[in-house]
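Engineer: sequence? don't have it. structure:
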């Protein structure tokens, strides 16, 4: 994640990766609708390609640079590593602990709801840990 934004890729390469990821994601969602077992985990090639291209594009975005002054964006940015570390915990808690999966609702909506839940719960937890001083070891005050 640190080196990717520092690399330079052609815009066509990034656009192709995003398109491949979106098409692959749509195919995965259609497959799930027909009852086939499809992994939408990060180890899926389409999810990895799409996520990497999206991260790279966002890291180069002028819109995000303008938003950089926002207190919320600075907070999310400073806690992003811990959000990344914590989000699988919440997803596993819901899916493996409570046996609730994104496909309990229309799959696209379910994926978005799970994404919002995992992000919000992880951000709140990281924020609370930061306020408690538990992240000082990592240089976050």
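Structural biologist: Perfect, I can see it now. Because the structure is a prediction, the values reported are computed rather than measured. Numbering: from 1, shown residues only.

Engineer: Listing request: residues of this protein with sub-threshold pLDDT.
Structural biologist: Residue ranges of the chain with pLDDT under 70: 1-5, 38-44, 61, 63-65, 67-68, 107, 138-141.

Engineer: so what does the biggest helix by length in it touch, helix or strand wise?
Structural biologist: Longest helix of the chain, by residue count under DSSP state H: helix 107-131. Under the contact criterion of 3 or more C-beta pairs under 8 Å, 6 or more residues apart in numbering; DSSP states H and E, helix 107-131 touches helix 11-33, helix 71-92. Where C-beta positions appear, they are placed from N, C-alpha and C, glycine not excepted.

Engineer: As TSV, those with mean neighbour count would be great.
Structural biologist: Formatted as TSV, the helices and strands packed on helix 107-131 follow (neighbours: other C-beta atoms under 10 Å):
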stretch	mean neighbour count
helix 11-33	15
helix 71-92	15
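
Engineer: Mind checking the ones you listed for the one nearest to residue 50?
Structural biologist: helix 11-33 (2.2 Å; C-beta to C-beta).
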